[in-house]
Structures are given as C-alpha cells and as structure tokens.
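Participant: Would you be able to build a 3D model of this:
(2 chains)
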Amino acid sequence: ETGVTQTPRHLVMGMTNKKSLKCEQHLGHNAMYWYKQSAKKPLELMFVYSLEERVENNSVPSRFSPECPNSSHLFLHLHTLQPEDSALYLCASSAKMGQAYEQYFGPGTRLTVT
Amino acid sequence: QKEVEQNSGPLSVPEGAIASLNCTYSDRGSQSFFWYRQYSGKSPELIMFIYSNGDKEDGRFTAQLNKASQYVSLLIRDSQPSDSATYLCAVQENTGFQKLVFGTGTRLLVSP
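Facilitator: Down below sits the predicted model:
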C-alpha cells in the first residue's frame, strides 16, 4: 500500500459511454499526476496538478478531462473513447523528500474500450 | 525531445547472482534519477532514487550515477526469483512540478 488509491480497478466501457476514474492520496502530497501505460510503450504523462492547479496537459485529446477538487482527490472523466485508449491508467502523487520529489503510484485502473 | 533509454531484455540471471540494469538519458540538466519495479499487472513501485554522482546503497540494491556519461544503473545483489519484474528508470526534469520521464523498462528474470 502506497497511500494512493484508485477506483475502479477494472473498467470496460463502450465508445459512447461516459465514465470517471477516481484517485485519492492519503500522504499529504501537493502534486498529483495521471499517466497512461500501454503495452510496449513508456509511461506517458497525461496531466499534472500542483496545489490543485493544472500545470501540465501533454497534448491529451479532449475526450479525457481531469478534475482536481482538492489536494487529496483527482478524477479523470472519460467520454467517447476509442479502442486505442485501452490501457492501464495510473495516478501518482508526490512531495519533496530531501533533494528529490518522490512519486508514488496507485494500483491503476485497467481500462478496456470496446 | 528528452529521452530515457533502457534495454528491454529480458535479462536472465541465476539466483544469488548480481543483476545489473542500465539506463541512459539525454537531458544533461536532469537532477534526480529513480528506479521503479513493476510486477506484471501491477503498478510501479519506487525502489530508490539518486541525485549525486557515485553510488547509493539500500539493502540489496545499489544505484550508480555518472552525470558526465549521462548514465545511471541499478545493481541487485543476491538476486532472488521474487526480483523477477520489469525495472523502470525515470529521470526527473528540473521544473517546478518535477515531471518524470520514463524509459520502457528492462525485464529481469531470476531463475532458481
């Protein structure tokens, strides 16, 4: 247990559905991240929130919409996804520990788009 | 584009041997370097990080950093079958929110 939880752990959705992924961190961190992990590809950073403000959006399609209502919670709203969006979606949080910002990951949501 | 390169493997070592995992990076301004372990179907787990040239030891793990050569490695001593996993190298950008750039990972197989 890293102190970062994600729900649901598995999600199957059709291309016309709307769903949301939830992340919660219990570590008192001040930055939260969404990553996408596809087979054979490096982890791709999608969004960064620092102190509840979005500070990074890595050219992510608008069918992915993040929301950070407070420093402990992060959502990823999904709508009209494509089959190629099927992947493991990982949430992480971080805070400065000495010289470095350590990032801790949640267990991930395995998303399948049919 | 900032890149982190790792050999995808698999790297096969016998139980009890030293496993050596390597990583190179392109951004000379990078300050901190992380190693994560990821078991199949699970999320990455932070093993250790290093930010100064030289070696840093934590139990059976030693991280080595050479900024001049833009090279970072992870040594696992007395490898165990439970160490079999994919090891991800990540390089932290020197920005206000400290983004991580990940390599594709090296798959390690430790045989009994």
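
Participant: hmm, the worst-scoring helix or strand of chain A on mean pLDDT touching chain B?
Facilitator: Between all helices and strands in chain A, the lowest mean by mean pLDDT, DSSP states H and E belongs to strand A:53-57, at a mean of 72. Yes - remark: strand A:53-57 sits within contact range of chain B at A:55, A:56, by Cβ under 8 Å from any Cβ of the partner chain. (C-beta placed from N, C-alpha, C; glycine too.)

Participant: Report the buried residues of that strand.
Facilitator: Neighbour counts over strand A:53-57 (16 or more other Cβ atoms under 10 Å in any protein chain shown) mark residue A:56 as buried.

Participant: Equivalent analysis for stretch B:61-73, please.
Facilitator: Of the residues in stretch B:61-73, those buried (16+ other Cβ under 10 Å) are B:61, B:62, B:63, B:64, B:65, B:70, B:72, B:73.

Participant: Please enumerate the strands of chain B.
Facilitator: Ranges of strands within chain B are B:4-5, B:11-14, B:19-25, B:32-38, B:45-50, B:54-58, B:61-66, B:71-76, B:85-92, B:100-102, B:106-111, based on DSSP state E.

Participant: So which bits of the fifth one are buried?
Facilitator: To tie it back to what came earlier, the one meant is strand B:45-50. B:46, B:47, B:48, B:49, B:50.

Participant: Going by distance to residue A:97, which of these wins?
Facilitator: Of all those, residue A:97 sits closest to residue B:49, with 8.5 Å by Cβ to Cβ.

Participant: Quickly list what residue A:91 is bridged to.
Facilitator: According to DSSP bridges, the residues that bridge with residue A:91 are residue A:34.

Participant: Now do the contacts for residue A:26.
Facilitator: A:3, A:4, A:5, A:72 (Cβ atoms under 8 Å, 6 or more residues apart in numbering or on different chains).

Participant: how about it, phi and psi?
Facilitator: phi -120, psi 30 (degrees, to the nearest 10).

Participant: picking that back up, export the contacts of residue A:26 to JSON lines and tack on neighbour count?
Facilitator: What follows is the contacts of residue A:26, written out as JSON lines (neighbours: other Cβ atoms under 10 Å in any protein chain shown):
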{"residue": "A:3", "neighbour count": "13"}
{"residue": "A:4", "neighbour count": "24"}
{"residue": "A:5", "neighbour count": "15"}
{"residue": "A:72", "neighbour count": "16"}
